[in-house]
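Undergrad: With the input below, show me the fold.
(one chain, ligands or ions: 2)
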Amino acid sequence: MPATHVLVPVKALGLAKSRLSHVLDPAARESLVLAMLQDTVTAALSAGDVTVTVVTADERVAAAALDCGADVLPDPVRPDSPDPLNSALLAAARRAREHAPGAELVALQADLPSLRPEDFVLARETARRTGTAVVVDHTASGTTALLHCVSGTLPPLSFGPGSAGRHIDAGAYPVPDALPGLRLDVDTPDDLAAALQLGVGPATAAVLDTVEFPLCHPCDSAAGSRRSATMNS
Ligand SMILES: Nc1nc2c(ncn2[C@@H]2O[C@H](COP(=O)(O)OP(=O)(O)OP(=O)(O)O)[C@@H](O)[C@H]2O)c(=O)[nH]1
Ligand SMILES: C=C(OP(=O)(O)O)C(=O)O
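TA: Ligands and ions are numbered 1, 2, ... in the order given. Below you'll find the model as predicted:
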């Protein structure tokens, strides 16, 4: 049984990545969400001693997750219930605990196309030293990963806008290393440009190479270097 259980929540594709809706049509946006999920899952699995569970009510998300080696937990939480994101993660964490009481639990964002396995390993090492660790996102406000290495207990899940401060207040230790690919969650056109500069995984690169999208100023220069920015995998 792998020691680290990574839990990745993904909402229904039609609702996902609304902050890219003014630059990508729905089909392109959905393809990008699936591709970023696949690159994120593949990188996490490559860190070693890891299993990934994608929590989703969306059949196409589930199929993409299974395709790259993740398990799927059908989301037991209605999207119109209070705090559906943390409730979905909590359900997944409880289920993981039932199966493996001593496992490490990691709540990981699904939109990390530049994630490298070594970044994940470094963050996990911090969590193993400190008990619970948080990776603060590149905007210094959100959370890309909450890692919990305290046997038998649940992580202090508080995702949503401004979550980094809440996770730190709840006792999570901020991971100090640079870890650029683990910090860069892609929500906006500027984030996408930054990911292209850093290098993205093969699934994301394939989508961005084939999809025409009228990204404005920040991505115009990045678009020309998409292929050279693609990470080897
Ligand atoms: N399973 C599940 N995942 C969710 C839910 N709400 C959000 N998520 C996921 O949690 C992560 C962060 O969510 P958001 O920032 O709200 O959504 P997003 O699609 O990334 O971006 P925006 O639509 O631009 O806010 C994304 O991977 C979402 O798919 C939910 O109700 N259930
Ligand atoms: C849900 C979060 O992030 P975002 O909305 O940026 O995806 C978060 O940072 O807790």
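
Undergrad: Just give me how far the helix or strand harbouring residue 126 sits from the chain centre.
TA: Per DSSP states H and E, residue 126 falls inside helix 117-130. Distance, stretch centre to chain centre, for helix 117-130: 15 Å (Cα atoms, centre = their mean, to the nearest Å).

Undergrad: Same check on stretch 59-66?
TA: 15 Å.

Undergrad: cool, and stretch 135-148?
TA: 10 Å.

Undergrad: Around ligand 2, which positions in this protein sit nearby?
TA: With the criterion set to Cβ under 6 Å from any ligand atom, the chain comes near ligand 2 through 109, 137, 142-143, 159-160, 163, 185, 187. For glycine as for every other residue, the C-beta is placed from the backbone atoms N, C-alpha and C.

Undergrad: Please convert the buried members of those residues into ChimeraX selection syntax.
TA: The command below creates a ChimeraX selection of those among the residues of the chain next to ligand 2 that count as buried (16 or more other Cβ atoms under 10 Å):
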select :109,137,142,143,159,163,185,187
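
Undergrad: Just the closest of the residues of the chain next to ligand 2 to residue 97, please.
TA: residue 159 (18.2 Å; Cβ to Cβ).

Undergrad: returning to what we had before: can I get the residues of the chain next to ligand 2 in CSV with distance to ligand 1, secondary structure and pLDDT?
TA: Shown next, in CSV, are the residues of the chain next to ligand 2 (distance: Cβ to the nearest ligand atom, whole Å; DSSP: H, G, I helix; E, B strand; the rest coil; pLDDT from 0 to 100):
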residue, distance to ligand 1, secondary structure, pLDDT
109, 6, coil, 98
137, 10, coil, 98
142, 8, coil, 98
143, 10, strand, 98
159, 7, coil, 98
160, 7, coil, 97
163, 10, helix, 98
185, 7, coil, 98
187, 5, coil, 96
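
Undergrad: Kindly indicate which of the residues of the chain next to ligand 2 lies nearest ligand 2.
TA: residue 142 (2.4 Å; Cβ to the nearest ligand atom).

Undergrad: Name all residues that make contact with the closest one.
TA: Neighbouring residues of residue 142 by Cβ atoms under 8 Å, 6 or more residues apart in numbering: 136, 161-164, 185.

Undergrad: do that again at 7 Å, thanks
TA: The contact partners of residue 142, taken as Cβ atoms under 7 Å, 6 or more residues apart in numbering, are 163-164, 185.
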